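A.B. asks: Sequence below, structure please.
(one chain, ligands or ions: 1)
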Amino acid sequence: MDMNRYSVIPDKRPREIVLLQGRGCFWRRCAFCDYYHDAQPDDDAAFALNSRVLSQVTGQYGELSVINSGSVFEFDPRTLDLIHTVCLDRGISTLRFESHWRFRDRIPQLRRDFAPITLKMKVGIETFDFDLRENVWHKGIPERDPRRIAEGFDEANLLVGVTGQTRASMERDVDLALSLFERFSVNVMCANTTPVQPDPQVIDEFMAHVYPRIVDDPRVDVLIENTDFGVGA
Ligand code: SF4
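C.D. replies: Next up is the predicted model:
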C-alpha cells in the first residue's frame with residue numbers, strides 16, 4: 001500500500017509528523033482498527049524505511065509527532081536512537097509519541113531516555129464510555145476512572161461517529177478530554193475493512209452540536225478524514 005509518511009501540520013500547533021513502522025501493535029483487538037497491518041517485524045527493513053522517512057525532517061517548527069500504527073514501545077532500538085539523534089541535530093525540543101495505555105508504566109523511563117527533549121505522550125482512549133470502549137470496541141483499558149486513565153499521559157485520541165454514540169456521550173468525551181489533557185485529537189470514523197463502520201446519523205450529531213464547540217480550540221485537532229494530518233493512505 002502506498003503511504004505518505006512525512007508531512008507538515010501548519011495549523012494550530014505547527015509541527016512536522018512522520019508515520020514510521022514498528023514491529024506491530026501488540027494488541028490488534030480494537031474492533032474499529034485495521035491500520036495495525038502497517039507493521040514490519042524485520043528490524044533491518046523497518047530501520048531502513050524509518051531512516052528514509054526521518055531524513056525528511058527539517059526541524060522547522062521545533063516540534064515533531066511520531067506515529068507508528070501502534071505504540072512507541074514497538075519500535076526497534078535503532079529507530080528510537082535515530083529519532084533521538086534527529087531531534088537533537090535539528091533543534092526539535094518537543095517530541096510527540098503514541099502509546100497504548102497498557103505501556104503507561106514504561107513512560108517515565110522513556111522521558112528520561114529522551115531528555116532534554118520534552119516528550120508529549122498521547123494515549124488512544126476513543127471514548128470514556130466504558131461499556132462501548134471495552135465491551136464493543138475491545139480497546140483494552142480496564143480502568144473506569146477517567147482521571148486514572150489520563151495519569152502519565154499529556155494528550156489523547158478520541159473516536160466519534162460510530163453506532164452507540166450519542167450527542168451527550170460525545171459531548172461528555174470532549175468535556176473530559178478538555179479537562180484532563182493538554183491537547184487531544186478527535187477522529188471521525190472513516191470506512192475501513194472492519195465491521196465497525198461510520199454511522200451517518202451520529203456523525204451528523206457530532207458535526208451539528210459538538211464540532212462547532214471545538215473546531216477553533218487550539219487544544220483540539222479534528223480529523224474528518226484519517227489522512228487529514230497528511231500521512232497514511
Ligand atoms: S487502535 Fe491502536 S491499540 Fe488498537 S489495534 Fe489499532 S493499533 Fe492496536
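A.B. asks: If you count neighbours, what's buried in the lengthiest strand in the chain?
C.D. replies: Ranked by number of residues, the top strand in the chain under DSSP state E is strand 118-126. Residues 119, 120, 121, 122, 123, 124, 125, 126 are the ones in strand 118-126 that count as buried (16 or more other CB atoms under 10 Å). Where you see a C-beta, it was placed from the backbone N, CA and C, and this is true even at glycine.
A.B. asks: same for that strand, what does it pack against?
C.D. replies: strand 94-99, helix 107-114, helix 146-150, strand 155-160 (3 or more CB pairs under 8 Å, 6 or more residues apart in numbering; DSSP states H and E).
A.B. asks: Walk me through which strands the last one pairs with, and which way each runs.
C.D. replies: Okay, so that is strand 155-160. With DSSP bridges as the test, strand 155-160 is paired with strand 118-126 (parallel), strand 183-188 (parallel).
A.B. asks: Between those strands, which one is closest to residue 86.
C.D. replies: Between residue 86 and the strands paired with strand 155-160, the shortest separation by CB to CB is 14.5 Å, and it involves strand 118-126.
A.B. asks: gap between the helix or strand just after that closest one and the chain center?
C.D. replies: Per DSSP states H and E, the first helix or strand lying C-terminal to strand 118-126 is helix 130. Centroid displacement of helix 130 relative to its chain, using CA atoms, centre = their mean, to the nearest Å, is 19 Å.
A.B. asks: what's next to helix 130, contact-wise?
C.D. replies: With contacts defined as CB atoms under 8 Å, 6 or more residues apart in numbering, helix 130 is touched by residue 144.
A.B. asks: for stretch 20-37, same thing?
C.D. replies: Outside stretch 20-37, the residues touching it (CB under 8 Å, 6+ apart) are 5, 38-41, 43, 46, 49-50, 53-54, 66-72, 74-76, 79, 100, 102, 126, 136-140, 159, 162, 189, 192-196, 232.
A.B. asks: Which stretches in this structure count as strands?
C.D. replies: 6-9, 15-19, 63-67, 94-99, 118-126, 155-160, 183-188, 220-223.
A.B. asks: Perfect, that will be all.
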